[in-house]
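1. mind looking at a prediction? Sequence and model below.
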Amino acid sequence: MSFPLLTATAALPALGAVATAAVPAARRSAAKWLALLVSLGTLALAIVVLVRFDPGGARYQLTESHSWIRDFGVRYELGVDGIGVALIALTAVLIPFIILAGWHDADPLETGSRRWRPTQGFFALILAVEAMVLISFEATDVFVFYIFFEAMLIPMYFLIGGFGDRAHAQGEEAAATQRSYAAVKFLLYNLVGGLIMLAAVIGLYVVAGNFSLQQIAEARANGSLHMATGTERWLFLGFFFAFAVKAPLWPLHTWLPNAMQESTAPVAVLITAVVDKVGTFAMLRFCLGLFPEASRWATPVILVLALISIVYGALLAVGQRDIKRLVAYASISHFGFIVMGIFAMTSQGQSGATLYMVNHGISTAALMLVAGFLISRRGSRLIADYGGVQKVAPVLAGTFLIGGLATLSLPGLAPFVSEFLVLVGTFTRYPVIGIIATFGIVLAALYTLVLYQRTMTGPVRPEVSKMPDLRVREVLVVAPLIVLLIFLGVYPKPVTNIVNPAVKHTMSDVQKKDPKPEVEAAK
Amino acid sequence: MSAQLAAYTTSTGEAFQFWVLGTVAVIGALCTVFMRKAVHSALSLAGTMIVLAVFYLANGAYFLGVVQIVVYTGAIMMLFLFVVMLVGVTAADSLKETIRGQRLLALLCGVGFGVLLLAGIANASLKDFAGTGQANANGNVEGLAALIFTKYVFAFEITGALLITAAVGAMVLTHRERTERARTQRELAEQRVREGKHVPPLPAPGVYARHNAVDIAGLLPDGTPSELTVSRTLRERGQIRDVSTQAINDLRALEQRSEDRLERTPIEPETFKRPEEASK
Amino acid sequence: MEKLIALLIAAPLLGAVVLLVGGRRLDRVGHWVGTLLSTASFVVGVFLFADLLGRNAEHRTLIQHLWTWIPVEGFQADVTFRLDQLSMTFVLLITGVGSLIHLYSVGYMEHDERRRRFFGYLNLFLAAMLLLVLADNYLLLYVGWEGVGLASYLLIGFWQHKPSAATAAKKAFLVNRVGDMGLSIAIMLMFTTFGSFAFGPVFGHVDGATEGKLTAIGLLLLLAACGKSAQVPLQSWLGDAMEGPTPVSALIHAATMVTAGVYLIVRSAAVFNAAPDAQLVVTVVGTVTLLFGAIVGCAKDDIKKALAGSTMSQIGYMVLAAGLGPIGYVFAIMHLVTHGFFKAGLFLGAGSVMHGMNDEVDMRKFGGLRKYMPVTFITFGLGYLAIIGFPGLSGFFSKDKIIEAAFAKGGTEGWILGGAALVGAAITAFYMTRVMLMTFFGEKRWQPDENGAEPHPHESPKVMTIPMIVLAVGSVFGGAFFSIGDRFLKWLEPVTGHSEGHSPVSAGEITIATMACLVIGVGIAWAQYGRRPVPAVAPRGSLLTRAARRDLLQDDFNHVVLVRGGEHLTRSLVYVDHTLVDGVVNGTAAGFGGLSGRLRRLQNGFARSYAVSMFGGAALLVAATLLMRAV
Amino acid sequence: MNPVNYLYLAALLFTIGATGVLIRRNAIVVFMCVELMLNACNLAFVTFSRLHGNLDGQVIAFFTMVVAAAEVVVGLAIIVSLFRTRHSASVDDASLMKL
């Protein structure tokens, strides 16, 4: 038996979380360095995974399989396809930046504050989330996936509820109330989704007799497993609901603005760039993989929901007065694109959606982390409290602009490639939906540029006139993300090469073929 | 009692005994429930238990009958009485219900349950009975012993563990760990002086002219009772007898009598009442 | 030779990266680095041009494939460059004019502390614009397309501390985004129709597609062109874009970027040729805009805004020509090039004037400047003569050809389009004469500004006048050079195709008509602004004048319908999201809360209450057992 | 008379005991009522033992007594400690899980 690489990738941050939590309180900076080191180690392992993965090889690679709960046919099965590898890489890349960006977010507050902030806990929780996200991307057993999909909520709950922005307009008490509201809302939404999924998971077991993706697929292929249409659709809905909450899809989205608004910027990035990706990833792997017929059946409704998400999220982003809330609604709009790409059922759409997950992670991280740096300087999240920052902190403003341009999918930056693929993929099959979704790009320009204009340009407000520019640590966080954004915008081939074969498999799962171009079809 | 296998009735004597003692048992049970004072309840319960002991004997459970009297009525009920004394023997329980609908529901459930139970028994066709003659052939105690030490030996061992646990538990529950050294008399005296509240010893209870029981508060010069004079335990239980009015009324009665004898008109015809009582 | 194409883009791109990332260390040399790299690109362009000239007309297309950009199942986007006669023309225009304006900016931006960044943005613009014209497929073109939009955004808003500049920048980007939406949908439609969006496959399979599809593609491309080239109905941003530094207005908003729409239409000639309906719409848009821009140009007192109206109008001519089909393509591009010279010259002249006048833009506060800045006067004057179509200068050749082609369209359409173009020529003569008179003639009208500083008009330094002189030379001789012997026609014909139309009026008659229009326009302007003094405060004017001052109410329309409507929409949506979507969820939560509040009362903490329920349960169980037995 | 009558009596006593548990507030009396219920059960066991003619019922009754004894010990200890802290033996006073 070979080295269990995938388990190791997830186990390292898990162990790191325990170790970080065990660091004594007096040595909090050691905890930070330890967490950073562990996340870098995980990144190294993820790179090994990336290298060992052969895009042209079998569908699931680096597989591990052990019997776990024999009585219920639960197996500890891991394996990655191209989509999984891409997302593992994304997660592993982002976490060190998140840790670095949140370097001082969990420091004890200045004296006189009653709140106690366990620094070690903050970093341990981040690592714990990383471990769970990674194993969710790796699991090929529905049960294993479910456990970590749900378990993720616990550290996230504490991260949202326990650590907020340093300064708050309405004072600490009000902040704590709002934070706990956001945390509870996050937990309840996802828990409801998760419980419905649990019912579906049990239903799947009743129907299929085991939880293994591969075994179920084999059984379906050789005809030994036949799902009644009605059953399949109900199970699909159960799974999809949970993923749609996580993703989040309109109208299940309202937890995200609250959660992102109240948590610190690195945690907000963790939510939207990493954790939420599990939802969209699971749509691809589980919804389409397990229930192809039902997926096709539900496509029209889901596409309309995704479309509403795109336009609605963008419109709401325009109307926001809070920087973080604005980014949250922008993310809702972007998740709409991802879901649309997945359910357009075309190669371009699905490759685009996968690419979108990666790119959105990087671009939102860039924008949100810079926004977080900005907010920590001024102590306010309100757009109206800023103005003329460009003059005093040009590097901050410049990076903020690049993050914003990535969010509005400027060609040349990574998100453009994915957004265009999603739009093309949708357009080839559903032209009207594709055209309406394109309106999203105009709205994206509107909210991004309005945000930039109101915060960065104009006369310098007295409150920001002493604002320092980005520090070395902050530049270290943002610069690599920007380089990645540009690199993947100009040369996305490394990612598409990994993703394409996996998408081909998914397309064959749902038994769909790309529509032929008209000219070719006419011949 | 014969050793016949199937019987339909018991002897007339036993029937007589059943009806008489059964009535007593039910009355005892009812008294247990409805007596206001815990001591009375305990005594009624003891009566019922003795009756039950007799029934055990009548049913051929000689060992149990004796155990019932010795252990149950003798030991456990005495434990009850002991606790009653500890907690307050005179503390009469108000039978007034405080939880809304509790009594109604309790009676409803009780009656319903009873009716159902009786109906169930009546429904079961238990016409004939085997009798314990066969089983008790080698003696009841031996028969029980044979069962307990063979078939039920594990259960028996476990009861042993249970009893030990219970004993330890009771000790743990009632034992109060002294977390600090007991203060000496000297220290207490010093503390008293330091606080300056009651430097001399507390006043003694009792109205020396008529009462010197510990539960009677001493009277202050104006005739009002001083609770300080009564021990704290009694105070907390609310078991202080107030005889201040009685003393005054006695005095008044004495004066009345002398007035009568001296044939003077009474000054005040009514008996004296303390203001708060008068307002009731 | 193909290998050099990438170098065209790489040089300014390198400049942009170095200047923007380099930081303050480069502050002292940054402008020269930018100018040098821009010039390098021009030199490479000249090399390539010489190479192309050395080839046969049929072999003048160079393709350079760099790498596969987006490889996805069934979807192939490459980074491939195509250098043919059309893009070569643009490359020379962009790098040539671009380098001149870089040089000019060295002087113009001398006192700006962020000059290095300005040159970084200019270089970024050049790279994006070159990418736009060199791309071999529409998606790559789209990258350049948005890239120039970004550069334009950054440069319009260069003086970000001015809220008006920031707003103008945002507006330009947003309006352009609407156009970009058209381009991206067009690309999608091409993909579904042809399975590709590279120029070769698309143009090669045009006959396989239905006319409806092609018309749709054409109209979408037109929408994109409208956005980028400020054509009605997406014209509103160009006037505001004058908030940017003047060299930017000259390079981006006059000579190059705004003409990208014309490039797009001419590049997509194959599609438009097969979609006459789309072509008709193109000509209509062009005609409306040429009149619209001209009218707006007449009313503006801000010298740059007047020139912006003129730009809009001139591009309207180009779009009109491009919409005419093969008759007009070549002339559209020819006018584009000559316009690039003279309009850039005019803007640089305007910038020079502003430079000498403490950044004053109101022409009513100029007057009589010809004595103070002779070089600016002469170069501006030559540009003026060129734009109004003074015989022999470049505008004369290119504009006349367009009017001729419009008449050649034939039928009623031909008369209407040609007539409108003629009227446009008259108005052009009017407003340009007005600008000329108000700025350089009459008596001086300038006053001290609020700080009490009297402007001291002076000639600009050499670094600024040299580019102006070069451009003036171009505006004088360009048209003649291109037209004599149909040089330009022969050069471009292999790419765009050409057909001679049959004009109902002869070329001579048209020239006479144009001259007449010219004289009328100049005459009216002279009557109004030359003979009597210009009031320092603008008179109220007629209804049309007032409307024209407000850009023919376009912004008011946008404000009322789009901005207000949008604000209301988003605000109500925020409300809906909070009350309805969130409310349903919170309501459910509150419902459960209320229910549990009720149920909690059962848990009163009294052991006896619990005992009752236990006992009741036991009774129920007994009852159930009995019932089961009984049944 | 049939020994079944003992069962009726047991049922009656059990019901009275149960009702007592529900009605009385004094914890000691409540305990007594519990004892009453246990005794009623014992009577039933003993009667069953007679009805079936074997001693198993009596053994069970014996065990019941043992358990009852243990329960009384612990229960009374609880009452005493409750009384110490709350100065009351009422079950209603202990309606919160804290002092």
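-> Cool, the structure landed. Numbering: from 1, shown residues only, chains lettered A, B, ... in the order given.
2. quick check: the residue of chain A nearest chain D.
-> Closest residue of chain A to chain D, CB to the nearest CB: residue A:180 (23.7 Å). The way it works is simple: take the backbone N, C-alpha and C, and place the C-beta from them, glycine included.
3. next, count neighbours for the residue nearest to that residue when sequence neighbours are not counted.
-> Leaving aside its sequence neighbours, residue A:180 sits nearest to residue A:161 (CB to CB, 6 or more residues apart in numbering or on different chains; 5.3 Å). When neighbours are counted by other CB atoms under 10 Å in any protein chain shown, residue A:161 registers 20.
4. one more: residue C:178?
-> With other CB under 10 Å as criterion, residue C:178 counts 19.
5. isn't residue A:144 up against residue A:79?
-> No. Counting by CB atoms under 8 Å, residue A:144 sits too far from residue A:79 to count as a contact (11.0 Å).
6. the residue nearest to residue A:180 contacts residue A:183, correct?
-> Yes. Between residue A:161 and residue A:183 there is a contact under CB under 8 Å: 3.1 Å.
7. contacts for stretch C:454-468, please.
-> C:100-101, C:103-104, C:106-108, C:345, C:348-349, C:351-353, C:355-358, C:360, C:369, C:372-376, C:379-380, C:446, C:448-449 (CB atoms under 8 Å, 6 or more residues apart in numbering or on different chains).
8. rerun that using 7 Å as the cut-off
-> C:100-101, C:103-104, C:106-108, C:345, C:348-349, C:352, C:355-358, C:360, C:369, C:372-376, C:379, C:446, C:448 (CB atoms under 7 Å, 6 or more residues apart in numbering or on different chains).
9. ditto for stretch B:49-56
-> Contacts of stretch B:49-56 (CB under 7 Å, 6+ apart): B:21, B:24-25, B:28, B:64-65, B:68-69, B:72-73, B:77, D:6, D:39, D:43, D:46.
10. likewise for stretch A:433-451?
-> A:303, A:307, A:310-311, A:314-315, A:317-318, A:323, A:326, A:330, A:333, A:340, A:383, A:404, A:407-409, A:423, A:426-427, C:170, C:173-174, C:177-178, C:181, C:184-185, C:188.
11. tell me the confidence at residue B:90?
-> Here the pLDDT value assigned to residue B:90 is 50.
12. also residue C:528?
-> 83.
13. nearest spatial neighbour of it, skipping sequence neighbours?
-> Residue C:528 sits nearest to residue C:434 (CB to CB, 6+ apart), 7.3 Å away.
14. surely the one you found and residue C:529 touch.
-> Yes. Assessed by CB atoms under 7 Å, residue C:434 is found in contact with residue C:529 at 5.4 Å.
15. looking at the two, which has the bigger crowd around it?
-> Set residue C:434 next to residue C:529 and count neighbours by other CB under 10 Å: residue C:434 wins out with 26 against 20.
16. contacting residues around the more buried one?
-> C:298, C:525, C:529 are the contacts of residue C:434 under CB under 7 Å, 6+ apart.
17. next SSE downstream of the longest strand belonging to chain C?
-> Using DSSP state E to define each element, chain C has its longest strand at strand C:62-72. Where DSSP states H and E defines the elements, the next helix or strand beyond strand C:62-72 is strand C:75-83.
18. which neighbouring elements make contact with that next one?
-> Judged by 3 or more CB pairs under 7 Å, 6 or more residues apart in numbering or on different chains; DSSP states H and E, strand C:75-83 is in contact with helix C:5-22, strand C:62-72, helix C:115-134.
19. Three-state assignment for the closest residue to chain C within chain D, please.
-> Using CB to the nearest CB, residue D:95 is the residue of chain D that sits closest to chain C, at 3.4 Å. Here residue D:95 is recorded as coil under DSSP: H, G, I helix; E, B strand; the rest coil.
20. quick check, it in contact with residue C:606.
-> Yes. Look at residue D:95 against residue C:606 with CB under 7 Å: they come within range, at 5.2 Å.
21. those two: which is more packed in?
-> Neighbour totals were compared for residue D:95 and residue C:606, and residue C:606 leads with 18 against 14 (other CB under 10 Å).
22. still on that earlier bit, distance of the residue nearest to residue C:528 from residue C:324?
-> Distance of residue C:434 to residue C:324, computed by CB to CB, to the nearest Å: 30 Å.
23. please apply the same query to residue A:121.
-> Going from residue A:121 to residue C:324 by CB to CB gives 72 Å.
24. what does residue C:193 give?
-> Taking CB to CB, one finds residue C:193 at 25 Å from residue C:324.
25. what helix or strand is the closest residue to residue C:375 other than its chain neighbours located in?
-> Excluding its sequence neighbours, the residue lying closest to residue C:375 (CB to CB, 6+ apart) is residue C:465, at 4.7 Å. Element membership of residue C:465 [criterion: DSSP H and E] is helix C:462-483.
26. which one is residue A:208 nearest to, not counting chain neighbours?
-> Going by CB to CB, 6+ apart, residue A:208 has residue A:216 as its nearest residue, at 5.0 Å.
27. which elements pack onto the helix or strand that neighbour falls within?
-> Assignment of secondary structure by DSSP H and E places residue A:216 within helix A:213-221. In terms of contacts (3+ CB pairs under 7 Å, 6+ apart), helix A:213-221 is packed against helix A:288-290.
28. do any residues in the helix or strand following the helix it packs on lie close to chain C?
-> Counting by DSSP H and E, the next helix or strand C-terminal to helix A:288-290 is helix A:292-318. Yes. Helix A:292-318 reaches chain C (CB under 7 Å from any CB of the partner chain) through A:312, A:315, A:316, A:318.
29. for the last one, give me its contacts.
-> With contacts defined as CB under 7 Å, 6+ apart, residue A:318 is in contact with A:443, A:446, A:447, A:450, C:570.
30. the same query, at a cut-off of 6 Å, please.
-> If you count contacts by CB atoms under 6 Å, 6 or more residues apart in numbering or on different chains, residue A:318 has them with A:446, A:447, C:570.
31. repeat for the second one
-> Shown here is residue A:315, whose contacts under the criterion CB under 6 Å, 6+ apart are C:570, C:573.
32. mind checking pLDDT for it?
-> pLDDT, read off for residue A:315, is 90.
33. from residue A:304, how far out is it?
-> 16 Å.
34. repeat that for the first one.
-> Remark: distance between residue A:312 and residue A:304 (CB to CB) = 12 Å.
35. sweet, I'm off.
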